[in-house]
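>>> got a structure for you, letters missing:
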Ligand SMILES: N[C@@H](CCC(=O)N[C@@H](CS)C(=O)NCC(=O)O)C(=O)O
């Protein structure tokens, strides 16, 4: 069994972010698919790995990281790949990168997720989008 594991769900966009980073850095790992609908991620042993009960979770030996952005940052530092050139070594540049990762996480992602839900998933399931929500985002 691989020492490195990504626990996630194929329908989770946060899992896809972590997956993209691992693949981009050519890391060998085992993908462990959890059943979100069955609430597998809210039960042990996963709750110990991810106390907020969210996916994805990355396990690399004794290192456990939850949250797609922390996983991406960790992967890009541990498995530094000169080809992808994603890591700034200069502390000032790291500060700037942290700022914009935070902005994306808190200001771009939440409205984007609402729009995806209204404009992609609802129509896919035969439901009309909520025009008020779409307009407000
Ligand atoms: N900011 C977190 C969000 C994690 C998150 O909310 N993941 C969703 C799947 S995309 C999840 O675990 N949902 C199940 C739940 O919250 O019960 C990240 O990027 O990893």
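Good, I have the coordinates. Please read these numbers as outputs of a predicted model, since none were measured by experiment. Numbering: from 1, shown residues only.

>>> who in this protein is up against the ligand?
Applying the criterion C-beta under 6 Å from any ligand atom, the portion of the chain that neighbours the ligand consists of 12, 13, 14, 36, 41, 53, 54, 55, 56, 67, 68, 69. Every C-beta, even on glycine, is put in place using the N, C-alpha and C of the backbone.

>>> any weak-confidence spans in this structure?
Scanning the chain for pLDDT under 70 picks out the ranges 1-2.

>>> which stretches of it form strands?
Along the chain, counting by DSSP state E, strands occupy 4-8, 30-33, 57-60, 63-66.

>>> now render those as TSV, adding mean neighbour count.
As requested, these are arranged in TSV below (neighbours: other C-beta atoms under 10 Å):
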stretch	mean neighbour count
strand 4-8	21
strand 30-33	14
strand 57-60	22
strand 63-66	17
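
>>> can I get the ones you listed in TSV including distance to residue 96?
Compiled in TSV, those are given as follows (distance: least, C-beta to C-beta, whole Å):
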stretch	distance to residue 96
strand 4-8	28
strand 30-33	32
strand 57-60	25
strand 63-66	22
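
>>> before we move on, the earlier item: with neighbour count as added columns, please give the residues of the chain next to the ligand in TSV.
As requested, the residues of the chain next to the ligand are arranged in TSV below (neighbours: other C-beta under 10 Å):
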residue	neighbour count
12	19
13	12
14	19
36	17
41	23
53	12
54	16
55	24
56	26
67	20
68	25
69	18
